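1. A predicted structure for the sequence below; I have some questions about it.
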Amino acid sequence: GQNIDQPTEMTATEGAIVQINCTYQTSGFNGLFWYQQHAGEAPTFLSYNVLDGLEEKGRFSSFLSRSKGYSYLLLKELQMKDSASYLCAVSNDYKLSFGAGTTVTVRA
Amino acid sequence: ETGVTQTPRHLVMGMTNKKSLKCEQHLGHNAMYWYKQSAKKPLELMFVYSLEERVENNSVPSRFSPECPNSSHLFLHLHTLQPEDSALYLCASSQDTSSYEQYFGPGTRLTVT
């Protein structure tokens, strides 16, 4: 079975840093994705980790530890437009299994 | 049009109605997917098509019937739905089923009354 856990909600101040954790227990693993989904819109790809370590892409970074079944998404220099739901997903072949998403609210 | 498009964006239907959701991808991809997203729940994979052949049917009730006439189009035919089927239905595509990055459409918000 697939079990992917992430916090339900997080709130942070504009300009701050927020870290969204994701833990997973899955029957197979080909990589871990993070998607951003604004309300009423399609999920959009943020990052993909297949090897352990940190992947940095501008203000967003993603970390993976396969031995611990753990990933995090780090959002730096938060902007109001970063208010959205962030989805952690584990791939097993072509199948993506998603967590329920973390709603991040950025306050001025 | 670019990316993945879905129509309609919103749909309200009674339990005895028959309706269809349409997805079209303009990316030249060979794999297409249907997902269901209910409030506060993870996205659930429903169906996967690769080169117009269904490769995954994830224990979805028969009141949902997918159709993939070609690699650019995917339909989800709906009949005798239940109120608990109300959700956001998302379509996605990828280069093929060995390509991990999926591109999502904006979804159809379905309400069953």
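-> It's in. Residues are numbered from 1 along each chain as shown, chains lettered A, B, ... in the order given.

2. remind me which residues of the chain are low pLDDT?
-> By default, I'm working from chain A. Applying pLDDT under 70 to chain A flags residues A:1.

3. wait, chain B
-> Within chain B, the ranges that satisfy pLDDT under 70 run B:1-2.

4. quick one: the helices in it?
-> Applying DSSP state H to chain B gives no helices.

5. can you list the residues of it near chain A?
-> B:4, B:31, B:40-43, B:45, B:48, B:50, B:55-56, B:90, B:94, B:97-107, B:109 (Cβ under 8 Å from any Cβ of the partner chain). Quick note: C-beta positions are derived from backbone N, CA and C, even for glycine.

6. Quick one: buried ones out of these?
-> Neighbour counting with 16 or more other Cβ atoms under 10 Å in any protein chain shown marks B:4, B:31, B:42-43, B:45, B:48, B:50, B:56, B:90, B:94, B:97, B:100, B:102-107, B:109 as buried within those.

7. what's the span of stretch A:40-47, first residue to last?
-> Terminal residues of stretch A:40-47 lie 21 Å apart, using Cα to Cα, to the nearest Å.

8. residues of that stretch that come out buried?
-> Residues A:42-43, A:46-47 are the ones in stretch A:40-47 that count as buried (16+ other Cβ under 10 Å).

9. contacts for that stretch?
-> For stretch A:40-47, contacts defined as Cβ atoms under 8 Å, 6 or more residues apart in numbering or on different chains pick out A:33-37, A:55, A:57, A:60-62, A:73, A:86-87, B:4, B:43, B:90, B:101-107, B:109.
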